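Q: Generate coordinates for the sequence data below:
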Amino acid sequence: MNLRRMLLLVGAVVLLVGVIGLLMPVSIPGPDNQKIGCGNAIAADDSAASQADSNNPVNLPILNEVVPHTDYVAQCQSAVSDRRTWTIPVAVIGVVVLAASFFVGGRTARAG
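A: Alright, predicted model coming up:
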């Protein structure tokens, strides 16, 4: 396998990992060990987290009781941001390696 094909293969695999990471759903643990969906790294969706926040008992007036507040929207935004932090650079590196494969290992001159 020559260098061009190797770079092409590595670039395609790295790009594929980045794109799959961008498209995979992001979720966070919610109340009662249920998962709260946050969309994916391309299109974040905080509606389920917003709903979980509105159902949180900390928003209800309860006298003489302290209920810990969990901000699910902020956790969703953080989880999506964390996913974007590694998937976007991986996808860009894959594109760069793919592009580099077209410039490396050109035709060799034949002795004649």
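Q: Work out for me the element the spatially most central residue of the chain sits within.
A: Residue closest to the average C-alpha location in the chain (CA atoms, centre = their mean): residue 83, at 3.1 Å. Assigned by DSSP states H and E, residue 83 belongs to helix 72-101.
Q: for that helix, packing partners?
A: helix 3-23, strand 27-29, helix 47-54 (3 or more CB pairs under 8 Å, 6 or more residues apart in numbering; DSSP states H and E). To be clear about C-beta, it is placed using only N, CA and C from the backbone, and glycine gets the same treatment.
Q: could those go into TSV alongside mean pLDDT, mean neighbour count and distance to residue 91?
A: Shown next, in TSV, are the helices and strands packed on helix 72-101 (pLDDT from 0 to 100; neighbours: other CB atoms under 10 Å; distance: least, CB to CB, whole Å):
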stretch	mean pLDDT	mean neighbour count	distance to residue 91
helix 3-23	95	16	3
strand 27-29	93	16	21
helix 47-54	87	17	25
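Q: Present the ones you listed as TSV; the columns should include distance to residue 41.
A: Listed next are these as TSV, based on distance: least, CB to CB, whole Å:
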stretch	distance to residue 41
helix 3-23	4
strand 27-29	12
helix 47-54	15
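Q: wait, isn't residue 77 in contact with residue 41?
A: No. Contact criterion CB atoms under 8 Å: residue 77 and residue 41 do not qualify, at 11.8 Å.
Q: The lowest-mean-pLDDT helix or strand in the chain packs against which elements?
A: Across the helices and strands of the chain, mean pLDDT, DSSP states H and E gives its lowest value to helix 47-54, namely a mean of 87. Where contact means 3+ CB pairs under 8 Å, 6+ apart, helix 47-54 is packed against strand 35-37, helix 72-101.
Q: Nice, that's everything, thank you.
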